[in-house]
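**Q** requesting a structural model of the entry that follows:
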Amino acid sequence: MAKLINYCLLNVVLAFLIIFAVMEKLFRPNPNSFKNTFCVFKEQNHTEIDGLSIHYQSKSGSIYYYTKSGMYRLSNHWGRLANSKWRLEPLNPETDSKIKLGFAQWTCFYPDNALDKLYYIEANFVNNTVNYQHKNNPDYNNKAILRTSFETTKRIKQIRNLLNLTAWAKHFDYDDLAVLRQKIVNKLIFTNKTLDEIKREIEYNI
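**A** Below you'll find the model as predicted:
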């Protein structure tokens, strides 16, 4: 009886493994489901795709590998694609290769369009960098103002100028440029005031 039970259990396990292998092979998400999406990929070492089968290759040469948990994308171009915004967060330290491998979980693909206020801005004052995130990001705390893609792009350009240039500061009386930068940038992120309004308020202590 014990041998029969063990034999049956072995057959069940083998059947499960066969079904799982077939499901893995047949797992091919519809390419249309990725259109008009925003996603942040995390850069990975190229060894992560060793043994994986290519599921799709675009005309521009980008290669896609699908898994149950998410997508690997091997490409030399990131950012604004034909109909999506797919950003890559690089490894630290950054790799020298122009062809980067990124991974994103399926739950990290969010809807994108030009009309809705979907994005918020976040700044890193240590590295003097700025970027945007989607409101469906689980880290969003509802404090930064949500904006459309166009509004977000405009503010990011202003913030980058503030972080990387110094000529604009000659009109202000300040002791610490870093503190002044942070004050203006935060107002651009957390209010709807224009840059000119913010500068005027600070300059004249309004």
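**Q** look up which residues are beta-bridged to the closest residue to residue 108 other than its chain neighbours.
**A** The shortest distance from residue 108 to any non-neighbouring residue, by CB to CB, 6 or more residues apart in numbering, is to residue 39 (5.4 Å). In short, each C-beta sits where N, CA and C put it, glycine included. Here residue 39 sits in beta bridges with residue 86, as judged by DSSP bridges.
**Q** tell me which element residue 197 falls in.
**A** Residue 197 is part of helix 195-203 when elements are defined by DSSP states H and E.
**Q** distance from the chain centre to that helix, please.
**A** 31 Å (CA atoms, centre = their mean, to the nearest Å).
**Q** what's next to it, contact-wise?
**A** Residues outside helix 195-203 that contact it (CB atoms under 8 Å, 6 or more residues apart in numbering): 158, 171-172, 180, 183-184, 187-188, 191, 193, 206.
**Q** in CSV, list the C-alpha atoms belonging to it.
**A** Only the C-alpha atoms of helix 195-203 are listed here, as CSV (Å, rounded to 0.1, in the frame of the first residue of the first chain):
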residue,chain,number,x,y,z
LEU,A,195,8.5,79.5,-11.0
ASP,A,196,8.2,83.3,-11.4
GLU,A,197,5.7,83.4,-8.5
ILE,A,198,7.9,81.3,-6.3
LYS,A,199,11.0,83.4,-7.1
ARG,A,200,9.1,86.6,-6.4
GLU,A,201,7.8,85.3,-3.0
ILE,A,202,11.3,84.3,-1.9
GLU,A,203,13.1,87.4,-3.3
